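A.B. asks: Okay, here's the prediction I keep looking at, along with the sequence it came from:
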Amino acid sequence: MALQITLPSALKEFAERRAAQTGYASVSAYVQALIEEDCRRTEDLEGELIKGLDSGPPIDADDSFWAGVRDWYRKQLS
């Protein structure tokens, strides 16, 4: 399947430069790699969100919760 897109000159020049700098044979290959990476990140994020939902009962992230988090990090840094 082919997809044709139109880019403003500045973006076209950027894509051409980045494709060459990163070793892609063409702008098309560069754009394809960007889209594939976005798909992977989306799947990874969805997986992490599901793990979070399955990790146990929810907690209230109220002011006292965040105060405790800040205190814990301050202790870790000192």
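C.D. replies: Nice, thanks for sending it over.
A.B. asks: can you give me the helices for the protein?
C.D. replies: 9-21, 27-53, 63-77 (DSSP state H).
A.B. asks: Which one, of those helices, ends up nearest to A2?
C.D. replies: With Cβ to Cβ, the closest approach to A2 among these belongs to helix 27-53: 9.4 Å. Any C-beta I mention is one placed from the backbone N, CA and C, and that applies to glycine too.
A.B. asks: distance between the closest one and the chain's centre?
C.D. replies: Once both centres are worked out by Cα atoms, centre = their mean, to the nearest Å, helix 27-53 turns out to sit 7 Å from its chain's centre.
A.B. asks: Tell me how far S28 lies from A19.
C.D. replies: Distance, S28 to A19, by Cβ to Cβ, to the nearest Å: 9 Å.
A.B. asks: actually V69, not the one I typed
C.D. replies: From V69 to A19 the distance is 42 Å (Cβ to Cβ).
A.B. asks: The two: which is more packed in?
C.D. replies: Using other Cβ atoms under 10 Å as the criterion, V69 and A19 rank with A19 on top: 18 against 11.
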